[in-house]
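**Q** Quick one, structure for this:
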Amino acid sequence: MNTLNIASIRRDYTLKQLDEQEVDCNPFAQFGLWFDEALNAKVLEPNAMIIATSTRDGKPSARVVLLKQFDNTGFSFFTNYHSRKALDLDQNPYASLVFFWPELERQVRIEGTISKVSDTESDNYFNSRPEGSKIAAWASQQSQIIPNRKHIESLQVDFQNNFLGKTINRPSNWGGYLLCPSLFEFWQGRPNRLHDRVQYSFANGDWAIERLAP
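**A** Presented below is the predicted three-dimensional model:
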């Protein structure tokens, strides 16, 4: 048994501060500023984000996916439309995202509604993927129970042979989602757990900016 006292693990955050009077009035622009800083700081997988979904009756689940695009319309990622998160979204089109960049002592939470992107957008992204990733999209029945590793590797070989010398088109059960935000929260770690939290909430066609208690 690990004898480490988990409750004693602590880190004091001292790198930066966040003032609600100084943030950009556009939360997408503020996210872009922080994302660029994460890139410049060489954060490992800066586009990794936790996406939390829930069933119609409120049973939650969360996992890490990769952000593939963002602009003033929202945040996009791609997945199998038969996966657990996709089935959740069919029942309940609300979700939240979390980005955590420990190198900068920062976190961003985003909440909103999710819808599928167009077939054209899904095709364009799928066509940009490496061949191995395209084959994987065909081979994997994501979230389904399989007997062993050999099963999925055998399917991979089968699809490689099927597409040999041919264009690998996007499977119909694979594509993108767009989360359209209604709330952002930017969190900056500060000393003694008195963290800075700045929230943007959308109402009446505009973004309200407020500070939250840590």
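
**Q** Am I right that residue 155 is in a strand?
**A** No. The assignment for residue 155 is helix, going by DSSP: H, G, I helix; E, B strand; the rest coil, so no strand is present there.

**Q** thinking it is in contact with residue 139, fair?
**A** Yes. At 4.1 Å, residue 155 and residue 139 qualify as touching, with contact defined as CB atoms under 8 Å. In this view, the C-beta of every residue, glycine as well, is placed from N, C-alpha and C.

**Q** And the residue positioned nearest the centre of the chain, which helix or strand is it part of?
**A** Nearest to the geometric centre of the chain sits residue 49, at 3.4 Å (CA atoms, centre = their mean). Using DSSP states H and E, residue 49 sits in strand 48-54.

**Q** In this protein, where's the longest strand?
**A** Longest strand in the chain by number of residues, with DSSP state E as the criterion: strand 174-188.

**Q** Show me the beta-bridge partners of the residue nearest to the centre of the chain.
**A** Applying DSSP bridges to residue 49 gives these bridge partners: residue 65.

**Q** For it, which residues are in contact?
**A** 64-67, 75, 77, 97-99 (CB atoms under 8 Å, 6 or more residues apart in numbering).

**Q** Dump those to a markdown table, plus distance to residue 29 and neighbour count.
**A** Listed next are the contacts of residue 49 as a markdown table, based on distance: CB to CB, whole Å; neighbours: other CB atoms under 10 Å:
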| residue | distance to residue 29 | neighbour count |
| --- | --- | --- |
| 64 | 25 | 11 |
| 65 | 23 | 17 |
| 66 | 22 | 12 |
| 67 | 16 | 18 |
| 75 | 14 | 24 |
| 77 | 21 | 22 |
| 97 | 17 | 23 |
| 98 | 20 | 17 |
| 99 | 16 | 23 |
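
**Q** quick one: which of those is nearest residue 170?
**A** Residue 170 lies nearest to residue 77 out of the contacts of residue 49, by CB to CB, at 15.1 Å.

**Q** That closest one: what's its closest spatial neighbour, skipping adjacent residues?
**A** Nearest non-adjacent residue to residue 77, counting by CB to CB, 6 or more residues apart in numbering: residue 65, 4.8 Å away.

**Q** Pretty sure residue 51 is one of the things the one you found touches, is it not?
**A** Yes. Counting by CB under 8 Å, residue 65 touches residue 51, with 5.4 Å between them.

**Q** List the residues that contact residue 81.
**A** Neighbours of residue 81 in contact, by CB under 8 Å, 6+ apart: 116, 173-175.

**Q** now with 7 Å?
**A** Shown in contact with residue 81 (CB atoms under 7 Å, 6 or more residues apart in numbering): 173-175.
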